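Fold the following for me, if possible:
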Amino acid sequence: MARLRPRRLIGWLVGAAAAVVVLSVGGAFVYIHFISGPAPAPLSLHSSAPSAGTSGTAAASTTAALAGSWRVAAGSIVGYRVNEVLAGQNNVAVGRTDHISGSLTITGDSVTAASFTVQMATVRSDESERDVQFNGRIMDTSAYPTGTLTLTKPISLGSVPAVGVIRDYEAAGTLTLHGQTRAVRFALQAERTASVIEVSGSIPIVFADWGIGNPSFPPFVTTQNHGELEFLVKFSRA
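Next up, the predicted model:
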């Protein structure tokens, strides 16, 4: 068998490396744009308010109708959203779970207490290998199985909007992730229906602030040093 000359060998190696890069980039492009599809839209509320002129007693309700204890109900979702570059292709990684528990208390015209806890190992994305990394080196869910957001300052509701009307509020709380707890301030939206109160919002997360390792997995996957925790939590009467 003839030996490859040095120049031919170098050329073959360069060609092989280029082929690997092309296949990797091409494969990522096909996966992102044709197999995986676009990332799920950010979690948010969608107003179901009646059109102008619709009669009803919803608009006449007072905070007394909302006072009491509420608990996390079915249909609640919490997750993450992180921008990443997958083999040269921009992508948005999204993972979510509905394994959530918690409660909310309304006293007078204010939300005086609220908290929800997520079972971190149940968070799932559209890619099983990403989930393995999330549960292992990134979030270490065996050592830190839960994440918790707790309100630390009452939220004044003011006048109660009609059913289906979305209101904006500012909140302050503590967020526990990866075994570390930090104070957070964030905007949220709330809406009530005939039977539940829905609350939606997002909190920017700088990974290093919670001792979370950067999710990057070079050379094929790189991410920003931050992401978002997003939630849409529904509360029903306790």
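
Quickly list the domain ranges of the chain.
Segmentation of the chain into domains, based on automatic domain parsing, reads 1-37, 61-237.

Which of those domains comes out lowest on mean pLDDT?
For these, the weakest mean pLDDT is recorded on domain 1-37, namely a mean of 48.

quick one, helices of this structure?
Ranges of helices within the chain are 6-30, 128-133, based on DSSP state H.

what sits against residue 158?
By Cβ atoms under 8 Å, 6 or more residues apart in numbering, the residues touching residue 158 are residue 109. For the C-beta atoms, the positions are set from N, CA and C on the backbone; glycine is no exception.

if I look at it, how far off is residue 169?
Residue 158 sits 9 Å away from residue 169, going by Cβ to Cβ, to the nearest Å.

outside of stretch 101-112, which residues touch it?
Contact with stretch 101-112 is made by 63, 66-72, 113-117, 151, 154-158, 197, 199, 233, 235, 238, as judged by Cβ under 8 Å, 6+ apart.

what's the spacing between that stretch and its chain's center?
Mean-position distance between stretch 101-112 and its chain equals 23 Å (Cα atoms, centre = their mean, to the nearest Å).

now do stretch 137-149
15 Å.

contacting residues around the spatially closest residue to residue 224 that is not a sequence neighbour?
In this structure, residue 224 finds its nearest non-sequential neighbour in residue 83, 5.3 Å apart by Cβ to Cβ, 6 or more residues apart in numbering. Neighbouring residues of residue 83 by Cβ under 8 Å, 6+ apart: 90-93, 223-224, 227.

Which among these count as buried?
By neighbour count, with 16 or more other Cβ atoms under 10 Å, the contacts of residue 83 hold 91, 93, 223, 227 as buried.

beta partners for the last one?
Looking back up the chat, that one is residue 227. Residue 227 has these beta-bridge partners by DSSP bridges: residue 205.

Surely it is in contact with residue 203?
No. Counting by Cβ atoms under 8 Å, residue 203 is not a contact partner of residue 227; they are 9.9 Å apart.

now residue 222: how far from residue 86?
For residue 222, the distance to residue 86 (Cβ to Cβ) stands at 9 Å.

And for residue 148?
Relative to residue 86, and taking Cβ to Cβ, residue 148 is found at 31 Å.
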